[in-house]
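Enquirer: Provide a 3D model corresponding to the input given below.
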Amino acid sequence: MTDRSTTLPTRDAGPGATSPGATAWINLALATVGIAVNFWAWGLISPLGPTYKQHLDLSSFQQSLLVAVPVLVGALGRIPVGALTDKYGARVMVPTISFLTILPVLALSVVHSYWLLVVVGFFLGIGGTFFAAGVPWVNAWFPPEHRGMAIGIFGIGTGGTAIAAFFTARFLRWYDNTNTMFYLVAAVLAVYGVIVVLVARDAPGRQIPEQLFGSRFLEALKHPATLPLSLLYAVAFGAFVAMGVYLPTYLKEAYHLTQDGASTRAAGFTVVAVLFRPLGGTLSDRIGAAKVLIFSFGTLGVMAVWQAFQPALSPWSTIAFLVMAACVGMGCGGVFQLVAVVTPKAKVGTVTGLVGAAGGLGGYFPPLVMGSVYGGTGSYSIGLMLLSDCAFAALVYCVARLLGRDRRDSPNAFGS
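Expert: Alright, predicted model coming up:
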């Protein structure tokens with residue numbers, strides 16, 4: 001269903017406004033910086049996976065588990081965070097998430113055993129829940145015709161994982177330890193949290209749900225768009241997260257790159273993905289999300305099949321991963337353009353939490369599968385073929401169920 005009746009005015013001047021005003025853009029900028037900073041913290045363990053494996057004598061599965069735990073918590077934690085954002089607003093939840101994430105970041109500087117690292121990684125997942133607070137924050141400030149673009153710009157902040165991938169291993173080399181990086185991230189989180197407290201605002205007329213979390217959760221779960229969008233986002237964002245956290249390991253094992261070389265290429269993958277995310281949202285505003293998703297999933301599936309044969313790193317594998325990055329970025333933008341359009345504003349946080357959790361879970365399992373498959377066969381081909389299967393399945397769904405029914409004037413896109 002389309003949320004026409006609850007559209008809020010977004011120009012600072014008053015209710016007659018039809019386009020975003022200055023305050024909307026300020027809050028969008030704050031949200032984008034916030035997700036970048038929190039995702040930077042969320043992604044700290046992944047680039048150090050090979051280093052932990054060597055120093056702690058870990059198996060491939062143990063390394064994959066260590067990398068995947070923050071992803072799992074960051075995924076499931078989005079469900080309560082989204083609901084709490086509906087209730088208390090982003091102005092409360094955003095600084096709370098940022099301040100809480102400081103603690104596990106600092107703990108990384110003193111923890112050196114495997115299982116303690118797993119525990120710290122669990123709490124580091126708090127940073128990954130920022131997404132579920134940021135989407136309803138941004139969504140409430142923009143009218144429907146601009147939400148795909150706005151959520152896409154916000155999604156650029158997921159490139160915080162690229163910052164982690166690029167700099168963490170280098171700090172290890174430059175300073176012979178990573179504590180400097182951990183202290184820097186903690187300081188940035190603290191400064192950001194203070195700025196949000198002083199500057200950020202929730203959109204005027206924010207609707208505060210009166211129902212308890214359980215009732216709102218069940219209603220969001222029953223919304224006809226929640227399940228299909230969750231599955232589509234599990235493929236798109238799941239591929240993004242999985243590649244972002246596991247690509248350094250994959251490139252080092254499959255192509256024998258140095259740690260710096262693997263981390264740089266993984267950061268490049270993330271940067272391309274986040275830059276194409278607003279393009280996916282903007283195109284979805286203009287031509288409909290179905291066409292964007294069909295192109296994205298179809299091309300992703302083809303490139304995954306190509307990479308399964310492990311072509312030469314330069315140029316073929318590099319091209320394959322960059323095209324996959326562009327596809328998952330556009331796919332993420334397309335999915336959340338649909339979330340923003342079909343979900344009533346009072347439920348955006350809860351639905352975002354569910355859809356975002358599915359995306360995070362989509363990124364949790366592939367690293368474990370890739371590590372297990374490689375440990376058992378010495379090859380990543382099966383894992384990449386499974387990715388292509390998921391992409392083609394999503395393609396079929398978009399063609400069958402969304403094509404021609406994904407615009408704002410077509411409320412029956414999900415059978416509602």
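Enquirer: Show me what secondary structure element comes after whichever helix or strand residue 184 is part of.
Expert: Taking DSSP states H and E as the definition, residue 184 sits inside helix 179-199. Per DSSP H and E, the first helix or strand lying C-terminal to helix 179-199 is helix 213-222.
Enquirer: just checking, what packs against that next one?
Expert: helix 78-88, helix 348-377 (3 or more CB pairs under 8 Å, 6 or more residues apart in numbering; DSSP states H and E). In this view, the C-beta of every residue, glycine as well, is placed from N, C-alpha and C.
Enquirer: Not counting its own residues, what contacts stretch 387-396?
Expert: 231-232, 235-236, 238-239, 242, 293-294, 297-298, 300-302, 304-305, 308, 366 (CB atoms under 8 Å, 6 or more residues apart in numbering).
Enquirer: likewise stretch 254-269?
Expert: 47, 50-51, 162-163, 165-166, 168-170, 173, 243-244, 247-252, 310, 313, 317-318, 321-322, 324-325, 380.
Enquirer: Go through the host helix or strand of residue 152 and flag the buried ones.
Expert: For residue 152, the host element (DSSP H and E) is helix 144-155. For helix 144-155, a neighbour-count test (16 or more other CB atoms under 10 Å) marks 144, 146, 147, 148, 149, 150, 151, 152, 153, 154, 155 as buried.
Enquirer: For that helix, give the mean pLDDT please.
Expert: For helix 144-155, mean pLDDT is 82.
Enquirer: now the angle from that helix to helix 348-377?
Expert: Taking axes from the mean of the first three to the mean of the last three CA atoms, to 10 degrees, one finds that helix 144-155 is oriented at 40 degrees with respect to helix 348-377.
Enquirer: Report the buried residues of the helix or strand just after helix 144-155.
Expert: For helix 144-155, the following helix or strand on the C-terminal side (DSSP H and E) is helix 160-175. By neighbour count on 16+ other CB under 10 Å, the buried set for helix 160-175 is 160-172.
Enquirer: ditto for stretch 365-383
Expert: 365-374, 380-381, 383.
Enquirer: Next: stretch 296-309.
Expert: Going by neighbour count (16+ other CB under 10 Å), the buried part of stretch 296-309 is 296-308.
Enquirer: now that stretch: how far from the chain's centre is it?
Expert: 20 Å (CA atoms, centre = their mean, to the nearest Å).
Enquirer: again, but for stretch 80-92
Expert: 18 Å.
Enquirer: Quick one: residues in contact with it.
Expert: 31, 93, 97, 129-130, 132-137, 196-197, 200-202, 206, 208-209, 213, 216-217, 346-354, 356.
Enquirer: cool, stretch 112-125 as well?
Expert: Contacts of stretch 112-125 (CB under 8 Å, 6+ apart): 41-42, 44-45, 52, 56, 58, 62, 65-66, 69-75, 77, 101, 103-105, 107-108, 111.
Enquirer: Just the buried residues of those residues.
Expert: Members of these classed as buried by 16+ other CB under 10 Å are 41-42, 44-45, 52, 58, 62, 65-66, 69-75, 77, 101, 104-105, 107-108, 111.
Enquirer: Residue ranges in the protein under the pLDDT threshold?
Expert: Residues of the chain meeting the criterion pLDDT under 70: 1-18, 176-178, 211-213, 345-346, 405-416.
Enquirer: for the buried residues of stretch 365-383, which one is nearest residue 283?
Expert: residue 366 (26.3 Å; CB to CB).
Enquirer: how much space between that closest one and residue 71?
Expert: Distance, residue 366 to residue 71, using CB to CB, to the nearest Å: 10 Å.
Enquirer: Then residue 276?
Expert: Distance from residue 276 to residue 71, by CB to CB: 21 Å.
Enquirer: Please apply the same query to residue 397.
Expert: For residue 397 relative to residue 71 (CB to CB), the value is 24 Å.
Enquirer: residue ranges of the helices in the stretch 251-400 of the chain, please?
Expert: For the stretch 251-400 of the chain, applying DSSP state H, counting those that start in this stretch gives helices covering 259-287, 289-308, 318-342, 348-377, 381-397.
Enquirer: Next, format those helices as JSON lines and append distance to residue 26.
Expert: As requested, the helices of the stretch 251-400 of the chain are exported to JSON lines (distance: least, CB to CB, whole Å):
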{"stretch": "helix 259-287", "distance to residue 26": "18"}
{"stretch": "helix 289-308", "distance to residue 26": "27"}
{"stretch": "helix 318-342", "distance to residue 26": "19"}
{"stretch": "helix 348-377", "distance to residue 26": "20"}
{"stretch": "helix 381-397", "distance to residue 26": "35"}
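Enquirer: so who does the nearest residue to residue 368 once chain neighbours are set aside touch?
Expert: The spatial neighbour of residue 368 that comes closest, neighbours along the chain excluded (CB to CB, 6 or more residues apart in numbering), is residue 64 at 5.1 Å. Contacts here follow CB under 8 Å, 6+ apart; on that basis residue 64 touches 246, 249, 367, 368, 370, 371, 372.
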